[in-house]
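Asker: Sequence and predicted structure below; questions after.
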Amino acid sequence: MPRFVALLRAINTPPRHVKMDRLRTIVEDAGFENVATYIASGNVIFDAPTAQGVQEVLEGALAENLDFDVPVFLRTSREIVTVADLRLFGGQEHNLEISFLPRAPDPNAVERLMEATSGNDRLAVVDREVYWSHVGPRSESNHSEARVMRTLEMQTTRRSANTVRKIADRYFR
């Protein structure tokens, strides 16, 4: 049975607090198997018979049980391992963060995003992910998740590369 990770947007950011045992129960009750969560930031790993309809079922179950909409960014085991293993900046990764997108962005929007990158920021867009390497704290960068969403005209959810690699290693290798 195929294994997936659902990366949930804005779980456990005020006022949307959800205990991980409740989240696991919601996903199990939606019909998915071998459900696990990784840290309390909306990473749900599970098995499903097919990818077809998984995102819609999961988003519906979450909205029904939590009383708010939760965008779901679904990746297969192969996709998350590929993201975890990609080294775009030749070993020069500093504070690497990955924004997950619902679909591949428009090339013109990607061009606008890349043009807005400055300073010590390094940015790359590959398939349905934006990779951001920055030296120093986020506050010293002109890059932000809000800018990514605004420029690409879509919602995103961001994870550190360390989190993505730990999920890949623990659940998919």
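Answerer: Arrived safely, thanks for sending. Numbering: from 1, shown residues only.
Asker: Walk me through the domains of this structure.
Answerer: 3-79, 86-161 (automatic domain parsing).
Asker: Check those domains for me: which has the lowest mean pLDDT.
Answerer: Here the domains of the chain differ in mean pLDDT, and the lowest is domain 86-161 at a mean of 91.
Asker: Quote the end-to-end distance of that one.
Answerer: 10 Å (CA to CA, to the nearest Å).
Asker: burial of residue 88, as a residue count?
Answerer: Close neighbours of residue 88, defined as other CB atoms under 10 Å, add up to 15. C-beta coordinates here come from the backbone N, C-alpha and C atoms, glycine included.
Asker: Settle this for me: it is touching residue 132, isn't it.
Answerer: No: between residue 88 and residue 132 there is no contact under CB atoms under 8 Å: 10.2 Å.
Asker: Next, show the common contact partners of these two.
Answerer: residue 122 (CB atoms under 8 Å, 6 or more residues apart in numbering).
Asker: Please report how far the residue nearest to residue 26 when sequence neighbours are not counted lies from residue 27.
Answerer: Excluding the flanking residues, the one nearest residue 26 by CB to CB, 6 or more residues apart in numbering is residue 65, at 4.8 Å. Distance, residue 65 to residue 27, using CB to CB, to the nearest Å: 10 Å.
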